[in-house]
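**Student:** Structure for this input, please:
(chains A and B)
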Amino acid sequence: MSQIEHHQTGVTYWRSLEQAEQAPEVRSLIEQEFPSYDPSGMLNGKSSRRKLLKVMGASMALAGLTLTGCRRWPKEKLAPYTTSTENHVPGEREYYATALELGGVAQGLLVTSFGGRPIKVEGNPSHPMAWSVKGKQGSSDAFAQASLLNMYDPERSREVVDRTGAEPKESDWTKFTAIAGDIFGKVKGTGGRIAVLSEATSSPSAMDMKKRFLAAFPQAKWHEYEALSRDNELEGSRMAFGKSLRTRLNLEKAKVVISLDEDVLFSHPARTRYAADWAEMRRKGDKGEMNRVYIAESTFSVTGTVADVRLPVNPARLENIARAIALQVEVANVSGGEDLDKNNGEDRFVHSAVADLLKSKGASVVIVGQSASPVVHALAHAINAKIGAIGTTVTLIEDPAGDRPTHLAAITELTKAINEKKVDALLILGGNPVYDAPADLDFGKALASVPASIHLSHYNDETSRACKWHLPRAHYLEAWGDAKAWDGSVGLCQPLIEPLFGGKTPIEVLALVSGDAVAAGAVMAGAVMGGEQIVRRTWKEQYIKGGDFEKEYRKTMEAGVLENSASPAVTAANTATSYPATPAPAAGFFVRFTLDSHAYDGRFANNAWLQETHDPITKLVWDNAAILSKKDADTLGVKQGDIIRIDGNGRGLEIAAFVQPGQPVGVVTLPLGYGRTEAGSIGNKLGFNTYHLRTTAGMYSISGAKVSKTSNPNYTLATTMEHHILDDFAMKNALDKRIGAKGETGMIVRESTLEQYNKDPRAPHKKQHGGGHSLQLFNHPSKFNTPNAWGMTVDLNTCIGCNACVVACQAENNVPVVGKEQVLYHREMGWLRIDRYFKADTATYEKAGDDPNPQVVHQPMMCVHCENAPCEQVCPVAATMHDTEGLNTMIYNRCIGTRYCSNNCPYKVRRFNYFDWQSKAPTTGWPDPYVNFPDKQQLDQIDKIKAMVFNPDVSVRMRGVMEKCTYCTQRLAAAKITHRNEAFKEGKPQGGGELLTDGSVITACQQACPTQAITFGNLNDPNAQVVRLQKNPRAYDVLGELNTMPRTKFLAKLRNPAEGASAPARGHASSPAPSTMSPSPSSSNGSTVPTPSVG
Amino acid sequence: MSDAAPTTKKRFLFPRWTNYALPAIAVGLMGGMFYMPTLFGLGASPKTTAVGYAPEQPVPYSHAVHVGKLGLDCRYCHTTVEKSAFAALPPTQTCMNCHTGIRPDSPALQPIRDSWKSAMPVQWVKVHDLPDYAFFNHSAHVNRGVGCVSCHGRIDQMDIVAQTQPLSMGWCLDCHRAPETALRPLDKITDLGWTPVGHPYANGETDKEKAQLLVGEKLKADYGTREPQYMTSCFTCHR
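**Tutor:** Residues are numbered from 1 along each chain as shown, chains lettered A, B, ... in the order given. This next block holds a predicted model:
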């Protein structure tokens, strides 16, 4: 390939390997708006287009006859309260602080309630682990945002189920309480053994109830199990300090972060806080300095996508790297670490990482992931001590549950006890061990042999079905409780609604079975009162000892967190005298298990919002898959969607393959949480159950696995990475112009290195002039700035692609889900998507036959509200118009669904309702025929419980209309109306300040964002942050040359590559250095090193 | 030669069925003359726009008695109208404040007493019902000088509440385009019988409509009422 040819085809930014290879299919994706559209396929082959037309015709005639179109809408009833409630204004929103506990760590939340039902979850601005702007704005993650939908899941379990007989039968709490008294009383009387298996919890009340339960049943044994556990971290700290200490990072002080397989921004329990702190250091790029993140990782993680230096490695190499770093910073008693792999760049990684560590002593930190062995954790503790991180970037605190055995040991011990017939009664509080316990334990089989087993759970799931009794569990939004965040801050949880399905919490169940004098009666008497009694008692005893209890308790309840309750820092001497080497792994593939971005560990499987949220990296929806490197895939002859067989630890699994650039060679990543059988109609039979391969011998990775291709038919994976591509194939070289020819910058994504940016602030915009044209053919009708001019900025430098904004938008704007089948037709409805671009010279890897180690840019994309909007010009019915404040408004009731607008939108942000999605379930199959005539009113069809989640301030769209981002116009309206109401109340209608205070309107995406990558505000306000940011030299208009004059500006990404990292490229030893690769070493965009990626 | 040669051009003849076309068109036009007025007439009729809609309520509550005769202010019951988008209906408690003493045994009040005892709400029928895609905010109107009467009519004279205005988009826009036709002093919002005649801004004008325009124009300036372009933007009401 000649130099010139390469210039024309060597794509700098690409979304998928197919696009990088310029496959013709991708070209068709760009040319057609809905490429997979096939009207007859739509009918599942059961019917034909002809039949559809017949049905439609007949139905329309029928509709005309019955005059369904000419009727008054249904009579609506108004039901006022019977007694007035203090401080409650019907129709106004109320906010309650609570917390979501995931894996034993709480996230502080502030939940919006409307008319007595929770409708939106946000981060708690008063919570030290959740605020992004202290006291003003709290951030959250996608799981917290989506947890709301679980609450309104009509498939949640509704009654106590008794499976003691041949047939399961419905029961109730009274019967259960009586029988539980019998069971536990009898066991106690006969000296039988009781076991409790609980999911991880940090709740002081739960700890208190545990103590009381163990006091009531001295022979009982307590076990704790969590599938995604931080066991190794615990072990590592025991190895280093002789006791369990928790590491609380202070990333806002860390100039250099070295991560060994730790996805600190996405998978860590303190992810929202850490992401916010990381972003604070990142934003300093505008002041000339920025943190530098190194990561050596065994699978592509979110942190890896924003790292400045990324090294994809085999999990087995991590220990070696840790040893090498330890050796070079002169940690005592370290051996090994000399044999760094020069071929894949380990030596250079370690070399420049150590140089940076030493240069910024006291402002650097080494962090280790949950999958790394305890030795690596212990080494990191030693390194951190050596580089002065303790007390600055790292605070060591007591682990609240530090005395527990590891989760693996606990579940192993319990299973052993059951198998030895040593358990007469087993109480399982939450969790789903039959599904997620290590496969070799065969917990399900063991469980069946327990004479009395009880499972408290949100769903009638796999474990419930194997137990004698199932108890419905209250959702966290229905429950009283308390929980501790990662830093030890303790907070209260309060219910926003009475349990919809009569569920109870673990603490209430413990009170019931142990016959707790204070609480048991209350638990049975009132639906939620029992829990409160328990929490109050605990807090009186432990937290609010003196003073006015009621006042302090209520104050804490309002704030959601006890003031200054974070665990104090402890000092601990590193007592490790040796770091025993882990035996060398067996030859073969490594299998690496990870958290899944949709299902977490499987518990969110029935959550349709999460299922349809694209994975940050693979962009997969509704599925998991085995993630393979390109090189391995080529060697095995596997293409995306081929079923491969993985054999390891004596077990086998067949799973679809997904080819991922940047995946280390020889590693297969298996996200957990799929292949559920009893999750519910959404989560059942999706993806592949990777727990099947996960055994006690390898909870996080398996070595020596065998991977082979099977002859099974190809599995269809739905990934949105090639959907809504902004590139252009229409003109020659147009592609180069849009995405940037080699070494230049494009119209879509812009970036620069910090060094170059410091020299020249225009560096990210090389050869591109600013957006907008000064000469216009027509006069602009308006400046769209009265009385406000709304605008937004999206900072590509701090966006980590975590999807919090995506789910927040879905929840705020009643965005429907469409199901996997429809996603394959490019019909996903999300208003806000995150485009993930890989950046690597494709020619390099084509030539070398090597795996690129691409850099990544996450670009959130939603309507940019063009002042010169192409969509508005083509709407035949003026259903999309500009308002006076610059919003590109979309009027559903006027839209006739021609889809011209979306065809004309260069940003591909408009979404069309092909069907009445809200009234259908996305996976249970669609009613046949597809379209129901005559139409019924929506409310007749949408499940009453599902409808409770809707935001009442946003229309629920019907079939046949276009929709898109509105800049959260409902929030704008609410803020403006409140603002004017207050001005009138103060008697100064006109002088009431035309400008809203900056920050009084926060869009849903902005609010959720942990890194504050999204800023929204009034461009008329000279003091607004958004105005400052739009003047930032990094700001640019995406596709600005089209003269669309968007109101949303993007801020170019900055990278902070290590010095000397742009040294001449080097491929794997086996592959010759590509000849076409000749960027100047200083060119930021020309860095084409396969591994490690830098710059 | 040309005379002898048969002409190759045939005259175009309309097919025979076209003989019926003219009468058919005529019949169609005649039909249209009935059809179009019927269509538009029905479309604009009060039955379609629901003017006069007065559903039967579970309790025959008379606004004429409570507001007209007894002089209760609207906000005595509809307390949230100045704070919220909703003008909430009063809780049963509000009824019982008086009706434990006054007419405590009236059979018409049975549903109220039942509700009070059982703590289950009285299910009133909504009269002024906007489509779900129109987002009306009470507080945004009553705080800005639009009186109750503008949309709800003389409630103080109604025994059974009926809809008096079409509540159609065109009707809303009439006011959003010309707010001076509806603005009134802020202390007269709930005064259903208020007249602009005699207001200092009316300059002694005695014609009610003219006086309203005079008063409205001045109040518009006082209130800093938004420009029609702003108030007729789609997102003002549709979200």
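**Student:** And for the top helix by length along chain B, what's in contact with it?
**Tutor:** Looking across chain B with DSSP state H, the single longest helix is helix B:21-44. Helix B:21-44 has contacts (CB atoms under 8 Å, 6 or more residues apart in numbering or on different chains) with residue B:48. For glycine as for every other residue, the C-beta is placed from the backbone atoms N, C-alpha and C.
**Student:** Enumerate the positions of that helix that are buried.
**Tutor:** Residues of helix B:21-44 include none that count as buried (16 or more other CB atoms under 10 Å in any protein chain shown).
**Student:** Give me the distance between the residue sitting nearest the centre point of chain B and residue A:320.
**Tutor:** What sits nearest the mean C-alpha location of chain B, by CA atoms, centre = their mean, is residue B:167, with 2.6 Å. Here residue B:167 is placed at a distance of 75 Å from residue A:320 (CB to CB, to the nearest Å).
**Student:** Would you mind identifying the next helix or strand past the longest helix of chain B?
**Tutor:** Counting by DSSP states H and E, the element after helix B:21-44 in chain order, helix or strand, is helix B:46-49.
**Student:** Run through chain B and note the low-pLDDT ranges.
**Tutor:** Residues of chain B meeting the criterion pLDDT under 70: B:1-8.
**Student:** where exactly do the helices run in chain B?
**Tutor:** For chain B, the helices defined by DSSP H cover B:21-44, B:46-49, B:63, B:74-77, B:92-99, B:110-118, B:138-142, B:148-152, B:169-177, B:208-223, B:228-231.
**Student:** Turn the ones you listed into TSV, including distance to residue A:249.
**Tutor:** Formatted as TSV, those follow (distance: least, CB to CB, whole Å):
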stretch	distance to residue A:249
helix B:21-44	67
helix B:46-49	64
helix B:63	64
helix B:74-77	54
helix B:92-99	54
helix B:110-118	56
helix B:138-142	46
helix B:148-152	58
helix B:169-177	54
helix B:208-223	54
helix B:228-231	48
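**Student:** sorry, back to before: restricting to C-alpha, output the longest helix of chain B in CSV.
**Tutor:** What follows is helix B:21-44, C-alpha atoms only, in CSV (Å, rounded to 0.1, in the frame of the first residue of the first chain):
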residue,chain,number,x,y,z
ALA,B,21,-68.8,11.9,-15.5
LEU,B,22,-70.4,15.3,-15.5
PRO,B,23,-73.5,14.2,-13.6
ALA,B,24,-71.3,12.3,-11.2
ILE,B,25,-69.2,15.4,-10.5
ALA,B,26,-72.3,17.4,-10.1
VAL,B,27,-73.7,14.9,-7.6
GLY,B,28,-70.3,14.9,-5.8
LEU,B,29,-70.3,18.7,-5.6
MET,B,30,-73.9,18.7,-4.3
GLY,B,31,-72.9,16.1,-1.7
GLY,B,32,-69.8,18.1,-0.8
MET,B,33,-71.9,21.1,-0.2
PHE,B,34,-73.6,19.2,2.6
TYR,B,35,-70.5,17.2,3.7
MET,B,36,-68.1,20.1,4.2
PRO,B,37,-70.4,22.2,6.4
THR,B,38,-71.4,19.1,8.4
LEU,B,39,-67.7,18.2,8.9
PHE,B,40,-66.6,21.6,10.0
GLY,B,41,-69.8,22.3,11.8
LEU,B,42,-69.4,19.1,13.9
GLY,B,43,-65.7,19.8,14.4
ALA,B,44,-66.4,23.2,15.9
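**Student:** Give me the angle between it and helix B:169-177.
**Tutor:** Compare the direction of helix B:21-44 with that of helix B:169-177 by axes from the mean of the first three to the mean of the last three CA atoms, to 10 degrees and you get 60 degrees.
**Student:** could you pull out the strands for the stretch 251-400 of chain A?
**Tutor:** Assigned by DSSP state E, counting those that start in this stretch, the strands in the stretch 251-400 of chain A fall at A:256-260, A:292-297, A:309-312, A:364-368, A:394-398.
**Student:** What residues sit buried inside the second one?
**Tutor:** Applying a neighbour-count criterion of 16+ other CB under 10 Å, one finds A:292-297 buried in strand A:292-297.
**Student:** Show me which of these is closest to chain B.
**Tutor:** Of all the buried residues of strand A:292-297, chain B sits closest to residue A:293, with 40.5 Å by CB to the nearest CB.
**Student:** Residue A:306 is in contact with the closest one, correct?
**Tutor:** Yes. Using CB atoms under 8 Å, residue A:293 makes contact with residue A:306 at a distance of 6.8 Å.
**Student:** Give me the distance from stretch A:220-228 to the chain's centre.
**Tutor:** Its chain's average C-alpha position is 25 Å from that of stretch A:220-228, according to CA atoms, centre = their mean, to the nearest Å.
**Student:** so how far is the first residue of it from its last?
**Tutor:** This stretch, stretch A:220-228, spans 25 Å end to end (CA to CA, to the nearest Å).
**Student:** average pLDDT for it?
**Tutor:** When pLDDT is averaged along stretch A:220-228, the result is 93.
**Student:** Residues of the stretch 51-200 of chain A that sit close to chain B?
**Tutor:** A:70, A:72-73, A:75-84, A:89-92 (CB under 8 Å from any CB of the partner chain).
**Student:** Return the members of those residues classed as buried.
**Tutor:** Listed as buried from these are A:80-82, A:89-92; burial here means 16+ other CB under 10 Å.
**Student:** Which residue is the nearest non-sequential neighbour of whatever residue of the stretch 751-900 of chain A ends up closest to chain B?
**Tutor:** Residue nearest to chain B within the stretch 751-900 of chain A (CB to the nearest CB): residue A:883, separated by 3.4 Å. Nearest non-adjacent residue to residue A:883, counting by CB to CB, 6 or more residues apart in numbering or on different chains: residue B:233, 3.4 Å away.
**Student:** How about residue B:119?
**Tutor:** Closest residue in space to residue B:119, ignoring its immediate chain neighbours: residue A:82 at 4.9 Å, by CB to CB, 6+ apart.
**Student:** so who does that neighbour touch?
**Tutor:** Residues in contact with residue A:82 (CB under 8 Å, 6+ apart) are B:91-93, B:115-116, B:119-121.
**Student:** Could you measure from it over to residue B:87?
**Tutor:** For residue A:82, the distance to residue B:87 (CB to CB) stands at 18 Å.
**Student:** follow-up on the earlier one: could you check how far the longest helix of chain B is from the centre of its chain?
**Tutor:** 30 Å.
**Student:** now do stretch B:51-61
**Tutor:** Relative to its chain's centre, stretch B:51-61 lies at 16 Å (CA atoms, centre = their mean).
**Student:** From start to finish, how long is it in a straight line?
**Tutor:** 20 Å.
**Student:** how about that stretch, does it get close to chain A?
**Tutor:** Yes. Looking at stretch B:51-61 against chain A by CB under 8 Å from any CB, the contacts come from B:53, B:55.
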